[in-house]
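**Q** my questions concern the predicted model and sequence given below.
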Amino acid sequence: MRVGILTGGGDAPGLNAVIRAVVKGGVERGFAVHGISNGFEGLLDPVSVTPLGPADVRGLVRRGGTILGTSNRGNPFAWRDRHRDGRPREGEPERDRSDEVLATVEKLGLDVIIVLGGDGSLAIANLLAKKGLDIVAVPKTIDSDIRATEATFGHDTALAVATDAIDRLQTTAESHHRVMYLEVMGRHAGWIALGSGMAAGADVILIPEIPFRVQAIAEHIERRRARGRWYTIAVVAEGAVIDGGEEVWRDDAAGGARRLGGIAERVAAAVGEKTGLEYRVTTLGHIQRGGSPTPRDRILATRFGAAAVRAVADGRTGIMIGLRGDELIDVPLEKAAGGIRRVDPKSDLVLAARELGVSLGDR
């Protein structure tokens, strides 16, 4: 059995742990495992595929990033030629190069591809599976927003980083009597903001699932000051939504794409105008993606990798390995690739936040 493995989309702590588990578990079963570089791009010209053995993955369980490299721009169904710096060529039409991917897999003699990725990579994997490619997918995202699984590796590490950042901001905010804003990742789901905010005792938590009002935030801060609480910590998800408006976007000058970011600065300025209080804004950014994975992420990633090898051995393809409770399950790729998992505004954690006096910006 010849197995290929690739990582697509943004990096996440735990990717290397999955690769290690696939290689070690695969070799134990007599598989020949081949690493595909830079996502699906490694199956296009120039092809970049390398045999992997136990010596190549030694010590990887503790390393962040991915030894295979990754890409979030290499969709073979909507390929656009790019400049050397990675920017898409202006005016270049999209091309469908999926048949080239299938031809490369056949030429290399790969029997199955294990795809590690988020919703974008899962969507590509689903389309390739429909064209006849045998695929087993493993969910990967620090945002934990894949609908068909209750958890993804990388999320716990991102949560720990964000929580530590809030803890550090607390001392400065208290010392200077300031309003401190921390912007965290999460795209259109508020799991990182809500989890880290609750873990670190934030006073305001803004998430995409609950539209906020600037006036409500300002009034909450003023009420705190009236009670002698001279500082406030606000955690803002990058996809937070203004009540009656849309997510705050900024233009990506490098590629002309549109991406989330900058919402905390805008919220801070608007609230500052109403309160007249001094504030500071910190954007955590890609720090949340880096560094060594937490023990929980290492274990989950290893379990996912081992389960993917078992699925290959059993001939179960066209699936994603998901987590339900503490049980690993098979999820049809078509279901795994559709929709995202978002915070329920009526969930226990949201209710707990309200009961503890945390403002979610809506009242």
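**A** Alright, I've got the coordinates.
**Q** domain ranges for this protein, per the record?
**A** Annotated domains of the chain cover 2-153+293-325, 158-290+344-355 [automatic domain parsing].
**Q** for K335, find the nearest of the ones you listed.
**A** The closest of the domains of the chain to K335 is domain 2-153+293-325. By C-beta to C-beta, the value is 5.6 Å. Bear in mind the C-beta positions are built from the backbone N, C-alpha and C, glycine included.
**Q** average model confidence for the closest one?
**A** Domain 2-153+293-325 comes out with an average pLDDT of 93.
**Q** tell me how far the ends of it are from each other?
**A** One end of domain 2-153+293-325 to the other measures 32 Å (C-alpha to C-alpha, to the nearest Å).
**Q** what of stretch 330-337?
**A** Terminal residues of stretch 330-337 lie 13 Å apart, using C-alpha to C-alpha.
**Q** what about the longest helix in this protein?
**A** helix 155-176 (DSSP state H).
**Q** chain center to that one, what's the gap?
**A** For helix 155-176, the gap between its own C-alpha mean and the chain's C-alpha mean amounts to 19 Å (C-alpha atoms, centre = their mean, to the nearest Å).
**Q** can you give me the helices for the stretch 151-300 of the chain?
**A** 155-176, 191-200, 214-226, 263-275, 295-314 (DSSP state H, counting those that start in this stretch).
**Q** can you say which of those is packed in most?
**A** Neighbour counts (mean count of other C-beta atoms under 10 Å) averaged over each of the helices of the stretch 151-300 of the chain peak at helix 191-200, with a mean of 25.
**Q** list the contacts of it.
**A** 142-145, 155, 158-159, 162-163, 165-167, 170, 184-186, 202, 205-207, 233, 235-237, 240, 288, 343, 349-350, 352-353, 358 (C-beta atoms under 8 Å, 6 or more residues apart in numbering).
**Q** can you rerun that using 6 Å?
**A** For helix 191-200, contacts defined as C-beta atoms under 6 Å, 6 or more residues apart in numbering pick out 144, 158-159, 162-163, 166-167, 184-186, 205, 207, 235, 237, 343.
**Q** quick one: average pLDDT of that helix?
**A** 97.
**Q** which residues does L52 contact?
**A** L52 neighbours (C-beta under 6 Å, 6+ apart): V23, V33, G35.
**Q** coming back round to it: relative to I113, which of the helices of the stretch 151-300 of the chain is closest?
**A** Among those, the nearest to I113 by C-beta to C-beta is helix 295-314 (9.8 Å).
**Q** now the closest one - C-alpha only, CSV.
**A** The C-alpha trace of helix 295-314 is given here as CSV (Å, rounded to 0.1, in the frame of the first residue of the first chain):
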residue,chain,number,x,y,z
PRO,A,295,-0.3,17.9,25.5
ARG,A,296,-4.0,17.8,24.6
ASP,A,297,-3.4,18.7,21.0
ARG,A,298,-0.5,16.3,20.7
ILE,A,299,-2.7,13.5,21.9
LEU,A,300,-5.6,14.4,19.7
ALA,A,301,-3.4,14.8,16.7
THR,A,302,-1.8,11.4,17.3
ARG,A,303,-5.2,9.8,17.7
PHE,A,304,-6.4,11.3,14.4
GLY,A,305,-3.3,10.1,12.6
ALA,A,306,-3.5,6.6,13.9
ALA,A,307,-7.2,6.5,13.1
ALA,A,308,-6.5,7.6,9.5
VAL,A,309,-4.0,4.8,9.1
ARG,A,310,-6.6,2.3,10.4
ALA,A,311,-9.2,3.6,7.9
VAL,A,312,-6.7,3.2,5.1
ALA,A,313,-5.9,-0.4,6.2
ASP,A,314,-9.7,-1.2,6.4
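**Q** show me what that helix is packed up against.
**A** Helices and strands touching helix 295-314, by 3 or more C-beta pairs under 6 Å, 6 or more residues apart in numbering; DSSP states H and E, are helix 15-28, strand 135-139, helix 155-176, strand 319-324.
**Q** now what about the shortest one, what contacts it?
**A** With contacts defined as C-beta under 6 Å, 6+ apart, strand 135-139 is touched by 18, 113-116, 122, 125, 129, 146, 149, 152, 304, 308, 311-312, 317, 320-321.
**Q** now the helices and strands packed on helix 295-314 as CSV including distance to G195?
**A** Formatted as CSV, the helices and strands packed on helix 295-314 follow (distance: least, C-beta to C-beta, whole Å):
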stretch, distance to G195
helix 15-28, 21
strand 135-139, 18
helix 155-176, 5
strand 319-324, 16
